[in-house]
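Peer 1: Need the 3D shape of this:
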Amino acid sequence: QVRLVESGGGLVQPGGSLRLSCRASGFTFSDHGMYWYRQAPRKERNWVASISVSGDSTDYADSVKGRFTISRDNNQNTVYLQMNSLKPTDTAVYYCVTRRYGSNYWGQGTQVTVAS
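Peer 2: Prediction:
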């Protein structure tokens, strides 16, 4: 079955960086676009970034554009989210997502906390 496992979250100071990873299994990773979402405390889940099957096309929410970079390694079945210049408002649980046959599949999430 589809399995998405995020890692790389943690506590970081404002202005710092983190790289999130999401290892996928149970489906043909290279055939599917991948997405990162996040959910801040007491808020809805919001889309953060997308990447095409080849990695040639990416898109970002305005709130992270210029600071976050999504990438993928189809040989490793892994998608990444490089997060730079982190702000306290980036504090959230970050989720890796894929879509197959009209359904969304979510990982368990990884907590990112930006605080001094």
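Peer 1: So which residue is dead centre in the chain?
Peer 2: With distances taken as C-alpha atoms, centre = their mean, the residue of the chain nearest its centroid is Trp36 (3.1 Å).
Peer 1: Is that residue bridged to anything, and to what?
Peer 2: Ala49, Cys96 (DSSP bridges).
Peer 1: That one is in contact with Val48, isn't it?
Peer 2: Yes: here Trp36 reaches Val48: they are 4.3 Å apart, a contact under C-beta atoms under 8 Å. All C-beta spots, glycine's among them, are computed from the backbone N, C-alpha and C.
Peer 1: Touching both of those two, which residues are there?
Peer 2: Taking C-beta atoms under 8 Å, 6 or more residues apart in numbering as the contact rule, Trp36 and Val48 both touch 81, 94.
Peer 1: In contact with the residue nearest to the centre of the chain: list those residues for me.
Peer 2: If you count contacts by C-beta under 8 Å, 6+ apart, then Trp36 has 20, 22, 47-50, 70, 79, 81, 94-97 around it.
Peer 1: Which of the residues you listed has the largest number of neighbours?
Peer 2: Val79 (29 neighbours; other C-beta atoms under 10 Å).
Peer 1: what's next to the helix or strand hosting it, contact-wise?
Peer 2: Using DSSP states H and E, Val79 sits in strand 78-83. When contacts are defined by C-beta under 8 Å, 6+ apart, strand 78-83 is touched by residues 17-24, 34, 36, 48-49, 51, 64, 67-73, 90, 94, 96, 112.
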